[in-house]
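Asks: coords please:
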Amino acid sequence: MSLVERLARPEILALEPYSHASWDPTLERLHANENPWPAYGDGTPSGLNRYPEPHPHEVEARLAALYGVRPDQLIAGRGSDEAIDLLTRAFLAAGRDAAIVCPPTFGMYAVATRIQGARIVEVPLRTADWSLDEPALLAAATEDVKLVFLCSPGNPTGCALSKESIERLLGALAGRAFVVVDEAYAEFSSEASFASRLAEFPNLVVLRTLSKAYGLAGARCGALLADAALVALLGRIIPPYSMATPTCDAVLAALAPAGLAEAATRIDLLKGERSRLAQGLAGLALVRHVHPSDANFLYVECMDASVVLARARDAGLLIRDFSRGARTPGAVRITVGTPAQNDRLLEALARP
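Replies: Below you'll find the model as predicted:
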């Protein structure tokens, strides 16, 4: 029995997938109950009155090339959020199974798990350096734990997890649980992606997104990379037509050669601005500590977070308040903006 068959919910394994209308763009469509005319104001090439391709094969082929995996090792969805939701639905039975999260971390892991009716087990990061508490995590990985969510680089910390720590966890949990490495901010990090390690670790799942580095947050496109058997299972439960036509068009344009070149230029610019912004913030009286970052944001401990937030608002800028969190006291998260935005923020925080 494969790992997927052993860990997946039995009712998901037995599920009969939805049968969508056949797809043949060479024929005129009178089979899917669509409106024959485009909506008023619809200027899209293919017309929004028509359903998109049930499964976005071209988009997934382009994403697979981007991340260096085979198309059958990837499933595209509406941001990383849909991938997280698919995993919890496939592997977590309500009232029986559990997932591990390592706070402070991205909140959707816990939200999706709780929506599923499963249990959340928290194993906090070590606050000294935001590293994994490996002994505590392995002790918490009881038989009912099917998913372990790791965010690297972390959100809100910005810190990349140790590659060796993740490797040890993958080995220790082999055959027992899937380790989900969320690499939403990988393009801004010097650490190598785990996408190339899928063959080595059958219990590895990698999450990627085009929302950050590729400027497509409004389009909602992410990808889950995993063993082909896991991808095939998730393909049984993802809704048909999940990728809207404008999203597919935007993704294909962004991943064309000109789009990739532009993204690379902007990533380099953001990395440079990240260093400049961090240096500028570190010299301010309102700032206690600026944590090192492998992401496109900075996690900043403040002398008085309310003052920092108010000064940013006065400058017309919105930053994220984490100051009231039990594990993030006095902290804010600042996204690296344009040079002009970063200058405006530094000026506002430097006022006497």
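
Asks: and Asp268, how many neighbours?
Replies: Here the number of neighbours of Asp268 (other C-beta atoms under 10 Å) works out to 10. C-beta: built from backbone N, CA, C; applies to glycine.

Asks: Where does it sit, in terms of helix or strand?
Replies: helix 257-282 (DSSP states H and E).

Asks: who does the next helix or strand after that helix touch, helix- and strand-wise?
Replies: For helix 257-282, the following helix or strand on the C-terminal side (DSSP H and E) is strand 287-290. Other helices and strands packing on strand 287-290, by 3 or more C-beta pairs under 8 Å, 6 or more residues apart in numbering; DSSP states H and E, are helix 257-282, strand 297-302.

Asks: Nearest approach to Ser80 belongs to which of these?
Replies: Nearest to Ser80 among these is strand 297-302 (15.9 Å), distances taken as C-beta to C-beta.

Asks: which residue ranges form the strands in the chain?
Replies: 74-77, 98-101, 119-122, 145-151, 178-182, 204-209, 222-225, 287-290, 297-302, 320-321, 331-335 (DSSP state E).

Asks: Which strands or helices does the last one pack on?
Replies: In this structure, strand 331-335 makes packing contacts with strand 297-302, helix 305-314, strand 320-321, judged by 3+ C-beta pairs under 8 Å, 6+ apart.

Asks: Please work out which of the ones you listed is packed deepest.
Replies: Compared across these, strand 297-302 shows the largest average neighbour count, a mean of 23 (mean count of other C-beta atoms under 10 Å).

Asks: taking the helices and strands packed on strand 287-290 together, which one is wrapped up most tightly?
Replies: Among those, strand 297-302 has the highest mean neighbour count (mean count of other C-beta under 10 Å), at a mean of 23.

Asks: Mind listing the strands that strand pairs with, and their directions?
Replies: Applying DSSP bridges, strand 297-302 is found paired with strand 287-290 (antiparallel), strand 331-335 (antiparallel).

Asks: Rounded mean pLDDT for the last one, please.
Replies: Rounded to a whole number, the mean pLDDT of strand 331-335 is 98.

Asks: got it, and the first one?
Replies: Confidence for strand 287-290, expressed as mean pLDDT, is 97.

Asks: got a list of contacts for that strand?
Replies: With contact meaning C-beta atoms under 8 Å, 6 or more residues apart in numbering, strand 287-290 is reached by Ala278, Leu281, Ala282, Leu298, Tyr299, Val300, Glu301, Cys302, Met303, Val308, Gly330, Leu349.

Asks: Recalculate using a threshold of 10 Å.
Replies: Strand 287-290 has contacts (C-beta atoms under 10 Å, 6 or more residues apart in numbering) with 158, 277-284, 298-305, 308, 330-332, 334, 349.

Asks: and it, which residues are buried?
Replies: Of the residues in strand 287-290, Val287, Val290 count as buried by neighbour count, 16 or more other C-beta atoms under 10 Å.
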